[in-house]
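>>> build me a model from this:
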Amino acid sequence: MSASPWVVSDELWDRLERLLPRCERRFRYPGRKPLPDRQVLCGVLYVLHTGIQWEYLPRELGFGSGMTCWRRLRDWNEAGVRQQLHEVLPAELNAAAELDRSRAVVDSARAGVKRGLHTGPSPVDRGRPGSKHHLITDGHGTPLAIILTGGNRNDVTQLLPLIDAVPAIRGRRGHPRRKPDSLFADRGYDHDIYREQIRARHIVLAIARRGTRHGTGLGTHRWVVERTFARLHGFKRLRIRWERRADIHEAFLKLACCLITLRQISSLC
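Below is the predicted model:
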């Protein structure tokens with residue numbers, strides 16, 4: 001019988017434990033001993049997988065209160081833990097020659113929103129407020145970077161920021177690579193100014209032209225980013241944005257990307 005998805009596996013904990021900040025207890029007034037980080041992380045994963053609101057996190061699970069999990073997630077995010085883990089895991093795939101840096105694929109997806117920053121009226125949903133998840137993956141669909149914006153932001157405006165957000169991934173001999181050889185995108189990214197800027201970076205473009213018929217053949221390479229979005233939005237907390245603070249929602253996004261990458265690493269064993 002498989003374990004619940006919110007139970008922190010040894011694979012995840014071995015990679016994450018050394019990245020977590022250490023909090024020293026006060027000697028004179030130590031107070032109540034804090035919950036172990038691994039138990040709190042289980043609570044964060046429970047919220048991510050089920051989409052439950054923080055205040056309704058069941059105390060009987062032993063993960064602490066929802067506010068405890070929220071604060072620990074905030075502190076870890078401010079300490080850069082999620083970003084470090086997001087760089088460590090792709091490096092393992094790169095070391096195993098399972099990271100396709102020859103091409104990158106970009107796309108975006110809308111997320112329903114209840115409140116918070118980085119929201120805007122969606123032009124494709126009768127002006128309802130929403131947010132957008134902008135994602136860039138490698139040729140196998142491994143998430144390399146993700147950006148949160150308002151639902152009214154044009155996809156093409158996040159093309160260069162996505163490329164710049166890709167970390168220098170180690171794992172193989174030589175200088176760590178950041179720039180892909182080629183870039184695949186749909187018609188929403190077709191803009192002459194941005195085409196020129198990307199070509200200036202010596203990246204080969206494969207972007208469908210506006211007004212042309214479907215069937216360009218780019219879908220044989222672009223489908224991997226759509227599959228990654230399906231996996232991302234399989235985490236119920238990412239389907240509707242409940243967080244008022246954008247950094248907390250971004251922390252959930254990066255954590256979900258880490259879990260997807262970890263599954264790819266586990267499949268190699």
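>>> who's the closest spatial neighbour of the residue nearest the centre of the chain, skipping the chain neighbours?
Among the residues of the chain, the one closest to the centroid is residue 254, at 3.4 Å (Cα atoms, centre = their mean). Distances taken as Cβ to Cβ, 6 or more residues apart in numbering put residue 82 closest to residue 254, at 4.2 Å, once the chain neighbours are dropped. The way it works is simple: take the backbone N, C-alpha and C, and place the C-beta from them, glycine included.
>>> do the same with residue 249
For residue 249, the closest residue by Cβ to Cβ, 6+ apart turns out to be residue 243, at 4.3 Å.
>>> all helices for the stretch 101-250 of the chain, in order.
Using DSSP state H, counting those that start in this stretch, the helices of the stretch 101-250 of the chain run over residues 159-165, 192-199, 219-232, 246-266.
>>> so for residue 16, which of the ones you listed sits nearest?
Evaluated with Cβ to Cβ, the helices of the stretch 101-250 of the chain place helix 246-266 nearest to residue 16, the distance being 8.5 Å.
>>> the inter-axis angle of the closest one versus helix 219-232?
110 degrees (axes from the mean of the first three to the mean of the last three Cα atoms, to 10 degrees).
>>> give me the low-pLDDT residue ranges for the stretch 51-200 of the chain?
Along the stretch 51-200 of the chain, the parts satisfying pLDDT under 70 run over 113-128, 174.
>>> ok, the residue nearest to residue 249 touching residue 253?
No - using Cβ atoms under 8 Å, residue 243 is not in contact with residue 253; the gap is 10.5 Å.
>>> out of these two, which sits in the busier spot?
Legend: neighbour count by other Cβ atoms under 10 Å for residue 243 and residue 253, higher for residue 253 (25 against 20).
>>> any idea how far residue 98 is from the more buried one?
Computed as Cβ to Cβ, to the nearest Å, the residue 253 to residue 98 distance reads 22 Å.
>>> what's the answer for residue 150, then?
Distance check for residue 150 against residue 98: by Cβ to Cβ, it reads 35 Å.
>>> so what touches stretch 34-44?
6-8, 13, 16-17, 20, 23, 25, 57, 61-64, 66, 68-69, 72-73, 255 (Cβ atoms under 8 Å, 6 or more residues apart in numbering).
>>> who's in contact with residue 98?
Residue 98 neighbours (Cβ under 8 Å, 6+ apart): 140, 264, 268.
>>> mind checking the SS state of it?
Taken by DSSP: H, G, I helix; E, B strand; the rest coil, the conformation at residue 98 corresponds to coil.
>>> all strands for the stretch 51-200 of the chain, in order.
Secondary structure of the stretch 51-200 of the chain (DSSP state E, counting those that start in this stretch): strands at 103-113, 120-121, 129-138, 143-150, 182-185.
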